[in-house]
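>>> Output the structure for:
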Amino acid sequence: MSMYNLNLSESKAKNFKSTLFVVLALAAGFGLGVVSFGQDFWAKQFNFAGAPKSEIAQPKEVVAPGYAAQTSQEDAVIKTVKDYSPAVVSIIITKNMPVYEQYYSAPSNNGFDPFGFWDNFQVPQVRQKGTQEREVGAGSGFVVSEDGMILTNKHVVSDAAAEYTVITSDGKEYPAKVLAADPAQDIAVVKITGDVGQKFAAVKLGDSTNLQIGQSVIAIGNTLGEFDNTVSVGVISGLQRSITAGGGGTSETLENLIQTDAAINEGNSGGPLLNLKGEVIGINTAIASNAQNVGFVIPINSAKRDLEQVKAAGKIVYPYLGIYYTMINDKIQKANNLPVNYGAWISVGDSAAGQTKTAAVVAGSPAQKAGLKEKDIILEINGEKLGQKNSLAQAIAKYNPGDKVTLKVRRGENQLDLEATLADRSEQN
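Next comes the predicted model:
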């Protein structure tokens, strides 16, 4: 079971729901080392949303000598970029990569060459000549506390064998380490290490609860791994999106995302999406590879939870149920002759050729202990109805490991109430 075959509450919808295939990338200016050795793990990235017109500040002062903003929105954008771009950082990924050299040698003559005939021929050969530390990727992040704690995407810092360097907007470089990676979402917490002896500029975290379609937003990031603190402006073009994102033979289901038309490029992964009040409302995460300006962003409220857990316990934990499921809609109900058009249907898609089919209910999990079975439909959790806009993953994320929940379940023609005690799922780097 790969790390992207999520066996939690946020398990994939597999082949059943209409998902957008998005190429996830190490957001980055991939170095020659990655291209040469097939380490293009994440190929594209993602983006965000912003703030309502009612929040647009009226211009109070000239932003820069000799320039006066022509509109209140322009003034708000300029002020936000000026105030908070110093908190946006570039994250550089370096790794020891093999170094090869070419040499020439005579082809084998099996020990028989009395006239030295083969000595006149030289065949090119390649051999490894040690290793060399190389830049293999780059992404973005943003400082959330003066002591150098940073939020970014998990896929930016997923290589445990790599080293990470943070470059601030003034060009200074600092070593960094990954404190924790979210086991269920594309979020990671990174910390600048060493005795830096300074306080870092930090962003303000906003609230992603009541975002509005059409709301103006600002994205900042290390575009193409080369152009740091690049700014793009757009609007929130959709809410509560679910996508399947992946690359390099891996994929992951991401739910409850913000969609934006703010331009996002490779290298922007992990950067902030801000509203016009200068508050971060999301983390740039993915783009649709076959479209223009269709980007996706993780709401900042999800990251707030992670930050609190890292500060308190040094790791990120999630409640764990232990099933694979598909959220039911009208199309899925009709195609599979299901009795209802809502809820979480415990099921897995067809396995790849030559592979054993994954169990829909994980052995030894809270789901198995509660008595859940494949093809059951979970209709409610503690009286909360499950549907396309309230997935099982979203509902369970409101609880903590150890909490007991009552599941209303449809099994054939019968309806059951089952009690499950949620377990702990964590990932700590």
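>>> before we move on, what SS does E308 have?
helix (DSSP: H, G, I helix; E, B strand; the rest coil).
>>> for the chain, which spans come out with low pLDDT?
For the chain, the stretches flagged by pLDDT under 70 are 1-70, 96-97, 103, 106-121, 130-132, 196, 245-252, 349-357, 426-429.
>>> now with 50?
Applying pLDDT under 50 to the chain picks out residues 1-63, 247-249, 350-356, 428-429.
>>> Kindly state the domain boundaries assigned to it.
Domain assignment for the chain by automatic domain parsing gives 21-92+136-310, 317-427.
>>> would you put the C-alpha positions of stretch 88-107 in PDB?
The C-alpha coordinates for stretch 88-107 follow below in PDB (Å, rounded to 0.1, in the frame of the first residue of the first chain):
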ATOM      1  CA  VAL A  88       7.900  34.400   1.700                       C
ATOM      2  CA  VAL A  89      11.000  32.200   1.300                       C
ATOM      3  CA  SER A  90      12.500  29.900  -1.300                       C
ATOM      4  CA  ILE A  91      13.200  26.300  -0.300                       C
ATOM      5  CA  ILE A  92      16.200  24.800  -2.100                       C
ATOM      6  CA  ILE A  93      16.500  21.000  -2.200                       C
ATOM      7  CA  THR A  94      20.000  19.600  -2.500                       C
ATOM      8  CA  LYS A  95      21.200  16.000  -2.600                       C
ATOM      9  CA  ASN A  96      24.300  13.900  -3.100                       C
ATOM     10  CA  MET A  97      24.000  12.700  -6.700                       C
ATOM     11  CA  PRO A  98      26.300  10.200  -8.600                       C
ATOM     12  CA  VAL A  99      28.900  11.800 -10.800                       C
ATOM     13  CA  TYR A 100      29.800   9.900 -14.000                       C
ATOM     14  CA  GLU A 101      32.700  10.200 -16.300                       C
ATOM     15  CA  GLN A 102      33.300   8.900 -19.800                       C
ATOM     16  CA  TYR A 103      36.400   7.000 -20.800                       C
ATOM     17  CA  TYR A 104      37.600   4.900 -23.700                       C
ATOM     18  CA  SER A 105      38.900   1.300 -23.700                       C
ATOM     19  CA  ALA A 106      39.600  -1.400 -26.200                       C
ATOM     20  CA  PRO A 107      36.800  -4.000 -26.600                       C
END
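>>> If you count neighbours, what's buried in it?
Buried positions in stretch 88-107, judged by neighbour count with 16 or more other Cβ atoms under 10 Å: V88, V89, S90, I91, I92, I93, T94, K95, M97. Using the backbone N, CA and C atoms, a C-beta is placed for each residue, glycine as well.
>>> returning to what we had before: export the domains of the chain to CSV and tack on distance to Q102?
Formatted as CSV, these follow (distance: least, Cβ to Cβ, whole Å):
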stretch, distance to Q102
domain 21-92+136-310, 14
domain 317-427, 38
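>>> now, of those domains, which is deepest in the fold?
domain 21-92+136-310 (a mean of 21; mean count of other Cβ atoms under 10 Å).
>>> for that one, the distance to its chain's centre please.
Put simply, domain 21-92+136-310 sits 10 Å off its chain's centre (Cα atoms, centre = their mean, to the nearest Å).
>>> need the contact list for L179.
Contacts for L179 (Cβ atoms under 8 Å, 6 or more residues apart in numbering) come out as M149, V189, V190, K191, V310, G314, N429.
>>> Tell me what the closest residue in space to T168 that isn't next to it in sequence is bridged to.
Nearest non-adjacent residue to T168, counting by Cβ to Cβ, 6 or more residues apart in numbering: V89, 5.5 Å away. When assigned by DSSP bridges, V89 has beta-bridge partners G141.
>>> pretty sure V89 is touching S169, no?
Yes - counting by Cβ atoms under 8 Å, S169 is a contact partner of V89 at 7.3 Å.
>>> hmm, back to that, now, which of the contacts of L179 sits nearest F227?
V190 (21.0 Å; Cβ to Cβ).
>>> Bridged to A286, which residues?
F46, F296.
>>> you'd agree it is up against R241?
No - look at A286 against R241 with Cβ under 8 Å: they stay out of range, at 9.9 Å.
>>> Show me the common contact partners of the two, please.
With Cβ under 8 Å, 6+ apart, A286 and R241 have common neighbours L257, F296.
>>> which residue ranges form the helices in the stretch 201-350 of the chain?
300-313, 330-336 (DSSP state H, counting those that start in this stretch).
>>> okay, the ones you listed in CSV with distance to A219 next?
CSV is the format used below for the helices of the stretch 201-350 of the chain (distance: least, Cβ to Cβ, whole Å):
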stretch, distance to A219
helix 300-313, 13
helix 330-336, 33
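>>> Could you name the stretch from these that's closest to S158?
Minimum separation from S158 across the helices of the stretch 201-350 of the chain (Cβ to Cβ) falls at helix 300-313, 15.5 Å.
>>> elements contacting that closest one?
Of the remaining helices and strands, those touching helix 300-313 by 3 or more Cβ pairs under 8 Å, 6 or more residues apart in numbering; DSSP states H and E are strand 149-152, strand 173-181, strand 188-192, strand 204-205, strand 279-287, strand 316-320.
>>> Give me the contact list for that helix.
Counting by Cβ under 8 Å, 6+ apart, 144, 149, 151, 179-180, 182, 185, 187, 189, 205-209, 256, 280-283, 315-317 sit against helix 300-313.
>>> how close does Y399 sit to P319?
5 Å (Cβ to Cβ, to the nearest Å).
>>> Need the residues touching each of those two.
Counting by Cβ under 8 Å, 6+ apart, the common neighbours of Y399 and P319 are L422.
>>> close enough to count as contact, N268 and T223?
Yes - assessed by Cβ under 8 Å, N268 is found in contact with T223 at 5.9 Å.
>>> who's I377 bridged to?
Using DSSP bridges, the beta-bridge partners of I377 come out as W345, R410.
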